Each structure stands twice: as structure tokens, then as C-alpha cells.
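Visitor: build me a model:
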Amino acid sequence: MLSRTADNLFWLSRYIERADSLARILDATQRLASLPVAYGGKTNEWESALQTAGVATAFFAKYEEANHENVVSYLAFDRDNPSSILSCFETARHNARSVRTALTMEMWDAINGAWIELRRTSDRKLAGEELTRFLTWVKEISLRFDGSAARTMLRNDIYDFSQLGMLLERADNTARILDVKYHLLLPDKDEVGGGLDYYQWSAILRAVSAVNSYHWVYRESLKPWLVADLLILNDQMPRSLASCYGELVRHLDDLARAYGRQGQAQRLARASRVRLDNADIKEVFQGGLHEFITGFISDNNRLGSAIHEQYLA
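Guide: Purely as a prediction, here's the structure:
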């Protein structure tokens, strides 16, 4: 396969996953911001959404205040933001057109139809139920695209490169969501375990569609270390860091067999997977959850660079 084709497939899936993550972040933020005054925290939930998305610096260069209208506009529809939902779908469609013959009809219809529909929505200011419906639609497009890939693609290098982009982006987003809750939204010591703390952790689980999964696995009320265990170390949870890296190793190994050689990408993925296998959530908290996640994000970025150098450059 040409490296240019692999690169387009990789970023196509990565941008679809990023749009889905932004929709989930906005949905969770809207839930937190709409809590009764009695549960109000001392932090700005809309600013935390920008921190999670990694665009706070660029946002405040354009806006003075992180409020509902400004943040939704910037994360959903702003063309100046290369990571907005609109920009993600636009770039994904551009990449999809470049590799049209490598995609199945169902995959192309999902992204092309989404782009056509999104252009009709992008000039509107959304709030309340209208915003909720829009975010649900974005998540459904991602599910449709992923489902089409899972059901219709040959299990070859085309599929492997698509999955690598999705899994790298998913791991990064899960880590950032967890880190922002722990540091930007963490209540004062006397509020830990209170109503605000409960609703914040619940919103984080909703952001990754894991509320039911949490209760099935732990059968307890929400506890920070158990939420972290689910999203970091639990292989059964498809958005967990451990699950993402288990799949990353598998797809990289498939590529190594297909091309007859291994490289730095395979070694880095396996090393991260081993660290996650050997980690214990109590030790993670004792050493600092923020430090653990920061290290993971750095390792994840290094893996992305290694994949680029090995296959996409």
C-alpha cells in the first residue's frame, strides 16, 4: 500500500473518532453545567471542556469568556479550530475522497451523508434539547461509520491502518477526560463523595458510555478509584487504555506479518501494553493519577510518531 493511502485511512478514522469524542465532551459538560445551584462547583465546566479537548490556549486567543455559547460554537462549528466537529468531518471527508476505492460503500455513505447534513446545521446556534439532538446525531454517525467498517471491510492492511487511527485517538481522549475530571473538577476535600462529586463522576462515565458497565463490573456506588480502574486497566471496557492498547498491538502485529518486518511502533505499543498489564490502580493513585496519565499521553504521542515514521511518511 502507498504510504499516502495509509496516511489518509489512518487520519480518516482518527478524525471521526475525534468528532465523536468532542460530542461526548460537550454532552457531559452540558449535563454538569445544568446541575442545580445547590450542586454548583467552584470551577467553570465549559473551561474544563476546552482543557479536555486540548484547545484552551487557542480558544482564549479568540474569546474572552468560556461560556456555553462560545465553547459550543468553537468546539462544534468553528472553522478556525482544526479540531472542531465541523473541521473533523470536513477533513475526514477529504481523506475519504482520497481513498474512496479503499472504502466500502457503507463507509463512504456514512461520512459523505454526515458532511452534507452538517453543512445545513453549521450556521445555527444550538442550546438545550436542540444541542442534545445534534450531539446524539454526531455520536450516531461515528457508530455508523465504525459499524460499517466492522461489518463490511476485509481484514487486511486497509482495515489495520483505519483501526490504528481510531484506537490511538480513543486512548488519548479517554486519558484526557479522566485527567481533567481529576484535576480541574475535583471538589474540595469536604465535598469529596458529596452530590457534586457524584454527578461529576457520573458525567464522566456517561461521556464514554460506561455507566451501566461500571455497575455491572463493580456493583458499587461511584468511587473515583474504581472509575479510574474501569477506564485505565479493565480490558472488558472497549474505551479503556488497556483495551485500546491490546487492539493496537494486535493490528500492528498484523501489519508486521503482512509486510514481513517489525519496528519501533510494535516495540512501543507492546511496552505500553505491558505497563498497563502490570499496573495496579492503588499504586497508580499513590504515585499520582495525573502523573500516570501525563506519562501515558506522552507515550501515546510517541507511538503515533513511530507509526507515522514507519508506515505513513
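
Visitor: only C-alpha atoms from now on, for both contacts and neighbour counts.
Guide: Will do.

Visitor: check contacts around His308.
Guide: Shown in contact with His308 (Cα atoms under 8 Å, 6 or more residues apart in numbering): Asp7.

Visitor: tell me, how many residues neighbour Ser298?
Guide: 12 (other Cα atoms under 10 Å).

Visitor: actually Ser162, not the one I typed
Guide: Counted with other Cα under 10 Å, Ser162 comes out at 22.

Visitor: so it sits against Leu12, correct?
Guide: Yes - contact status for Ser162 versus Leu12: in contact at 7.3 Å, counting by Cα atoms under 8 Å.

Visitor: what sits in contact with each of the two?
Guide: Between them, Ser162 and Leu12 share no contacting residue, judged by Cα under 8 Å, 6+ apart.

Visitor: phi and psi next, for Gly54.
Guide: Torsion angles at Gly54 (phi, psi; degrees, to the nearest 10) stand at phi 70, psi 30.

Visitor: mind listing what it touches?
Guide: Contacts of Gly54 by Cα under 8 Å, 6+ apart: none found.

Visitor: pLDDT at Gly287, what is it?
Guide: On pLDDT, Gly287 comes in at 88.

Visitor: the nearest residue to Leu252 once chain neighbours are set aside sits in which helix or strand?
Guide: Once flanking residues are discounted, Leu252 sits nearest to Gln266: 6.0 Å by Cα to Cα, 6 or more residues apart in numbering. Assigned by DSSP states H and E, Gln266 belongs to helix 264-278.

Visitor: thinking again about what came up before, report whether the expected contact of the residue nearest to Leu252 with His251 is present.
Guide: No - using Cα under 8 Å, Gln266 is not in contact with His251, being 9.4 Å away.

Visitor: before we move on, back to that, quick one: the residue nearest to Leu252 from Ser34, how far?
Guide: Counting by Cα to Cα, to the nearest Å, the gap from Gln266 to Ser34 is 44 Å.

Visitor: quick check: closest non-adjacent residue to Leu26.
Guide: Ala49 (6.9 Å).

Visitor: now the one you found: which helix or strand?
Guide: Here Ala49 is assigned to helix 45-53, by DSSP H and E.

Visitor: list the buried ones in stretch 89-103?
Guide: Phe89, Glu90, Thr91, Ala92, Arg93, His94, Asn95, Ala96, Arg97, Val99, Ala102, Leu103 (16 or more other Cα atoms under 10 Å).
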